[in-house]
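my questions concern the predicted model and sequence given below.
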Amino acid sequence: MRRHNVNQSGRSDGQPILFAHGFGCDQNMWRFVAPRFEADYRVILFDHVGAGRSDLSAYDRHRYSTLQGYADDVLQICAALDLDDVVFVGHSVSAMIGVLAAAREPDRFASLVLVGPSPRYINDEGYVGGFEAADIDDLLRSLESNYLGWSAAMAPAIMGRPDQPELGQELTDSFCRTDPDVARHFARVTFTSDNRADLARVDIPTLVLQCSDDVIAPVSVGEFVSQQMPRATLVQLEATGHCPNLSAPDETTAAIEAFLHRIPAQT
Amino acid sequence: MTIGQGDALEGFIDALLDDNAGQLYERAPCGYLSTTPDGTIIKANETFFALTGYRRGELVGRVRFAELLSPGGQIYHETHYAPLLRMQGTAREIAFDVVRADGERLPVLVNSVLERDAQGHAIVIRTAVFDASQRREYERELLRAKQRAEESEANATRLAHTLQQTLIPPTPPVIPQLDIAARYRPAGDGGVVGGDFYDVFQVADEEWVVAVGDVCGKGVDAAVVTALARYTLRAAAMQHSSPAAALTVLNAALLASGTDRFCTVACLRLHRESGGWQGTLALGGHPRPVLASGGTAALVGEPGSLLGVLPEPEVTDLRLGLAPGESLLLYTDGVPEGRDDDRFYGIERLLALVGMLQSDADELAGAVLDDVLAFQQGTARDDIALVALRVPAGAVSA
């Protein structure tokens, strides 16, 4: 659990709601949304290995060479905490990580909430993902330029310190930082993934939260996801950009709550 | 200069009056723009338009800042820059490429602040945009240099492995009625060529030579000496039937080569006879091999002088027989000197293990290597080379 810097709050006897952050930052992406569920749910937050304050020494290039490796981590966390009837909320690439986890162990999950999902970022015949393959190289260059300031000496202060208190001032600079090699690898794995065929494998109630004007996950992609998944509902948010959990936490929370109230909890 | 009178004062006042707030904004030495919290451009200065080549009417109220970025930059904007800004109110020294009106890319560094009202609601993002063309070119050169350095390192490691393979035969030859197996394990991660070697080769119809050696030191210099030792020994063994004589030739070759590296070698010449093998063993400063017979194990051979040090080394031949069911293990000092903190693996432990095993050569070599590695928690402090020989129990005369 230290490996993933797992943090729990809310009702210990409540239905578990597991929040997974996307590529770029860490579990703090949920800090304006997750607390709203503490009154009714058992809230679980974690960092993917390689991100935030996870245990960087646990980073295994081979394991994380596909999104399935991250999905297996989600299942391990569920098993270690003995979670059942889980509401999985995944942002960005973690939406697909949730789909893969639910496809492998469907009984573990009650429902999925996919925030800005994209099963494939690169355009393909008859499919618009929004990017060309060359754009991903451009992203990798962008990462390199921006990680020049990364210092390996800083890593111990940032990583693997789950004993430290909630995001302090001294850490605010760090939550979007990670080892440059890890960031590059995660970026490549994320943006070259193709999980379109996995969508139909998940037959549990699913909410697709689609932003307006999201360059990473355009509206047409959100529509594709909801059409491919047997029990998906698409909700179009007014929020713009790719991170409604930060830019529009009220609207995001309300949409998730409305969806969850429509699904009776399993007994 | 003091400002107080005449031209100086006049110039001061002119500059002060000219540099009003409007000028300060429009002609600042950096691009300056304001956007709504979702990024729509609401205002930008002349410098920004000059840098990017757009006209005011093309951008203001129409375009989000992220849309001016390269595709990769847009992803970085959404996954790093925007969250940072939301979370901590500022983002500093973020590198982007702005796609100019003419399609060219302009490398920039941006600093942004997010202004909030008294209730904490986001109102406006202010961003300063600095032309970073030359700095970025320099950074790219640094990155290229770093990549070249990494490639060189990978090349050096690959070369080390290749060189090592030329010093260690991939598999020992098949010798009728002699079971033979070898193991080699470089120290640490194997990135540096070690000085250990072994060799097994035929010198006559029924005669074979087995050599295990260790050149002091590591790296390319040691590898050169290792190669010299190996081919000198092959040539000498062809000319001299006495292993001690072959080692004396090697000693002379090392002294003549001018290297200050010495080495240790165990050299065994084997002749097949009825009912087993007759051997002649000579040691040049090398750890004594282990002979296992009927459940007991003992060291054999006369230690002898290090090779490459003395003009007249003391090396003597010792005759030994290998009967069916008996084994002989030759090894380098990486075995007895395997360390766990301040404890050595030691000869006693080796004798106990070899005496206990009644297995074929491959199992024997494997078991010894595994045990030495386990003793050192899996990482060898020094190179380890092993050759195990066993006369099969059912061996009959040629």
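Good, I have the coordinates. Numbers count the residues shown, from 1 in each chain, chains lettered A, B, ... in the order given.

and the longest strand for chain A?
When chain A is parsed with DSSP state E, its longest strand is strand A:232-240.

contacting residues for A:Asp198?
Going by C-beta atoms under 8 Å, 6 or more residues apart in numbering or on different chains, A:Asp198 touches A:96, A:99-100, A:103, A:119. Just so you know, the C-beta spots here come from the backbone N, C-alpha and C atoms, and that holds for glycine as well.

try 10 Å this time
Contacts here follow C-beta atoms under 10 Å, 6 or more residues apart in numbering or on different chains; on that basis A:Asp198 touches A:67-68, A:71, A:96, A:99-100, A:102-104, A:119, A:228-229.

sorry, back to before: run me through the strand neighbours of the longest strand of chain A, direction for each.
Note on strand A:232-240: by DSSP bridges, its sheet partners are strand A:206-212 (parallel).

mean confidence for the partner strand?
Mean pLDDT, strand A:206-212: 95.

skipping adjacent residues, who's closest to the residue most central in space within chain A in space?
Nearest to the mean C-alpha position of chain A, by C-alpha atoms, centre = their mean, lies A:Ser94 at 2.9 Å. Using C-beta to C-beta, 6 or more residues apart in numbering or on different chains and skipping the chain neighbours, the partner closest in space to A:Ser94 is A:Ala20 (3.6 Å).

ok so, going back, quick check, nearest of the contacts of A:Asp198 to chain B?
A:Met96 (14.8 Å; C-beta to the nearest C-beta).

in terms of helix, strand or coil, where does that closest one fall?
helix (DSSP: H, G, I helix; E, B strand; the rest coil).

does it really touch A:Ala71, like I thought?
Yes - counting by C-beta atoms under 10 Å, A:Met96 touches A:Ala71, with 8.4 Å between them.

do stretch A:177-194 and chain B meet?
Yes - Stretch A:177-194 lies within reach of chain B by C-beta under 10 Å from any C-beta of the partner chain, at A:177, A:183, A:187, A:190-191.

which ones are touching residue 61?
You didn't say which chain, so I picked chain A. Counting by C-beta under 10 Å, 6+ apart, A:Arg61 has contacts A:50, A:69, A:181-182, A:185, A:189.

my question was about chain B
B:36, B:40-43 are the contacts of B:Gly61 under C-beta under 10 Å, 6+ apart.

picking up where we left off before, surely the residue nearest to the centre of chain A and A:Leu45 touch.
No - using C-beta under 10 Å, A:Ser94 is not in contact with A:Leu45; the gap is 11.8 Å.

overlap in contacts, those two.
A:18-21, A:29.

among the residues you listed, which are in strands?
A:18-20.

got any residues that touch both of A:Met96 and A:Ala71?
Joint contacts of A:Met96 and A:Ala71 (C-beta under 10 Å, 6+ apart) are A:90, A:195, A:198.

doesn't A:Pro117 make contact with the second one?
Yes - using C-beta under 10 Å, A:Asn195 is in contact with A:Pro117, at 9.3 Å.

more neighbours: which of those two?
A:Pro117 (31 against 23; other C-beta atoms under 10 Å in any protein chain shown).

residues contacting the more buried one?
A:22, A:90-96, A:98-99, A:195, A:199, A:206, A:208-210, A:217, A:221-222, A:224-226, A:229, A:232.

again, but for B:Ala282
With the criterion set at C-beta under 10 Å, 6+ apart, B:Ala282 makes contact with B:211, B:242-248, B:265-269, B:301-302, B:304, B:315-318.

for the biggest helix by length in chain B, buried residues please.
The residue-count maximum for a helix in chain B (DSSP state H) belongs to helix B:133-167. Under the neighbour-count criterion of 16 or more other C-beta atoms under 10 Å in any protein chain shown, helix B:133-167 has B:136, B:139, B:160, B:163-164, B:167 buried.

okay, the residue nearest to A:Gln27 when sequence neighbours are not counted: pLDDT?
Among residues not flanking A:Gln27 along the chain, A:Leu45 sits closest, at 4.2 Å (C-beta to C-beta, 6+ apart). Looking at A:Leu45, its pLDDT is 97.

what strand or helix carries A:Leu45?
strand A:41-46 (DSSP states H and E).

helices and strands around that strand, which ones?
With contacts defined as 3 or more C-beta pairs under 10 Å, 6 or more residues apart in numbering or on different chains; DSSP states H and E, strand A:41-46 has these neighbours: strand A:7-10, strand A:15-20, helix A:67-80, strand A:86-91.

so how far is chain B from A:Asp13?
Counting by C-beta to the nearest C-beta, to the nearest Å, the separation of A:Asp13 from chain B is 31 Å.

for that residue, what are its contacts?
Contacts of A:Asp13 by C-beta under 10 Å, 6+ apart are A:Arg42.

B:Gly355 contacts B:Thr296, doesn't it?
Yes - contact criterion C-beta under 10 Å: B:Gly355 and B:Thr296 qualify, at 5.3 Å.

and those two? Which one has more around it.
The neighbour count for B:Gly355 versus B:Thr296, taken as other C-beta under 10 Å, is higher for B:Gly355 (16 against 11).

can you list the residue ranges for helices in the chain?
As the question left the chain open, I've gone with chain A. A:67-80, A:93-104, A:133-146, A:155-158, A:180-191, A:219-228, A:244-247, A:249-262.

the intended chain is chain B.
Under DSSP H, chain B gives helices at B:6-18, B:21-26, B:46-52, B:56-59, B:71-76, B:82-88, B:133-167, B:219-239, B:243-257, B:347-356, B:361-375.

which one of those lies closest to B:Gly394?
helix B:361-375 (14.7 Å; C-beta to C-beta).

who are the contact partners of the nearest residue to A:Ser54 once chain neighbours are set aside?
Using C-beta to C-beta, 6+ apart and skipping the chain neighbours, the partner closest in space to A:Ser54 is A:Asp47 (4.2 Å). By C-beta under 10 Å, 6+ apart, the residues touching A:Asp47 are A:3-7, A:20-21, A:25-28, A:53-55, A:159, A:162, A:175, A:178.

kindly report the same for B:Phe262.
B:214-217, B:225, B:251, B:254-255, B:284-285, B:305-310.

could you list the low-pLDDT ranges of the stretch 151-267 of chain A?
Residue ranges of the stretch 151-267 of chain A with pLDDT under 70: A:151-175, A:264-267.

please report how far the closest residue in space to B:Asp382 that isn't next to it in sequence lies from B:Gly355.
Leaving out its chain neighbours, the residue that sits closest to B:Asp382 by C-beta to C-beta, 6+ apart is B:Gly334, at 4.1 Å. With the distance defined as C-beta to C-beta, to the nearest Å, B:Gly334 ends up 21 Å from B:Gly355.

how about B:Phe130?
Distance from B:Phe130 to B:Gly355, by C-beta to C-beta: 75 Å.

ok, A:Asp214 next?
Taken as C-beta to C-beta, the span from A:Asp214 to B:Gly355 is 72 Å.

and the contacts of A:Arg61, which of them are buried?
Buried among the contacts of A:Arg61 (16+ other C-beta under 10 Å): A:50, A:69, A:182, A:185, A:189.

wait, what's in contact with the fourth one?
When the contact criterion is C-beta under 10 Å, 6+ apart, the partners of A:His185 are A:50, A:59, A:61, A:64-65, A:140, A:179.

just the ones of those residues in strands?
Per DSSP E, the contacts of A:His185 never map to strands.
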